[in-house]
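[1] following is a predicted model, sequence given first.
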Amino acid sequence: MARKLIAVTACTTGVAHTYMAEKALINAAKEMGVLIKVETQGATGIGHKLTPKDCQIGEAVIFATDTQVRERDRFKGKKILQVGVSDPIKDAKKVINKALAMVDGK
Amino acid sequence: MAINLDKKLIKFDLDAKDRKDVINQLADLYVTRGIVRDKNKYLDSVEFREMQGTTGVGDGIAIPHGQTNTVTKSSIAIAELRHSVEWNSLDGKPVKFVFLLAIPEGGSKEHLKILSEVAGDLMDGKVRERLRKAKSAEDLLTLFD
């Protein structure tokens, strides 16, 4: 069965990096055969909002953020990998592998 | 959503000596087109953003941006550089393509979304391929089509 992750991306201006990190995670996950849903918290509001069900299904949540995550309560009790918004832009596969390894307790 | 680029905001084969020079020359285009009223204020906002973390996102691409009330409308200016310049990029490589965004304070969300879409599209392998093959300003104009 495919691995499942959820993620939140956010940057200071909320216009560019948030969406580059989103695309980087989606593209890499696709290549790796990992299912991912990415929520963008940008200047135009929240995009692809993670529902309680998403939060339940995701094995771990990646915060690729340079700002405070909005509505953080949703992720209470989840395994959280905190990275900078630039990290997935630089190497999204590495970030995803790190999140999966965290789930597997490696 | 269609991304309408303005040909007057695209420079192919731009001769610039360093990162600041590129931004400065592209900002001049904004001033000429009435998109930026106070150039220094705009440059300060771009520099401030750059200080918070590099906008050199790798693969020879940089996406610097400034948000200030001196910007009259969300815009994007593009430069293909004659000589690559140092940008402290995420992958350590120099930059050949610069996408300078101008963002107003409290601008229209629809327009902001277009800028975000451009940023996201730049992560697309096909778009990057087209970028590498671009030979003219016209090629850049249709980059996101």
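    Thanks, I have the structure now.

[2] contacts for the helix or strand bottoming out on mean pLDDT in chain B, please.
    Least confident element among the helices and strands of chain B, by mean pLDDT, DSSP states H and E: helix B:109-121 (a mean of 92). Under the criterion C-beta atoms under 8 Å, 6 or more residues apart in numbering or on different chains, residues A:15-20, A:22-23, A:40, A:42-45, B:1, B:3-4, B:63, B:65, B:73-74, B:76, B:99, B:101, B:103, B:127, B:144 lie in contact with helix B:109-121. Backbone N, C-alpha and C define where each C-beta goes, glycine included.

[3] cross these against helices and list the overlap.
    A:17-20, A:22-23, B:127 (DSSP state H).

[4] show me which residues of chain A are close to chain B?
    A:12-13, A:15-20, A:22-24, A:27, A:40, A:42-45, A:66, A:84, A:86, A:89-90 (C-beta under 8 Å from any C-beta of the partner chain).

[5] what ranges do the strands span in the chain?
    Since no chain was named, I'll use chain A. For chain A, the strands defined by DSSP state E occupy A:4-10, A:35-42, A:45-47, A:60-65, A:80-83.

[6] wrong one, chain B
    Counting by DSSP E, the strands of chain B are B:10-14, B:56-58, B:61-62, B:65-67, B:75-85, B:95-103.

[7] I'd say A:Lys78 and A:Ile57 touch.
    No. Under the criterion of C-beta atoms under 8 Å, A:Lys78 is not in contact with A:Ile57, lying 10.8 Å apart.

[8] name the nearest residue to B:Lys93, ignoring sequence neighbours.
    B:Gly60 (6.0 Å; C-beta to C-beta, 6 or more residues apart in numbering or on different chains).
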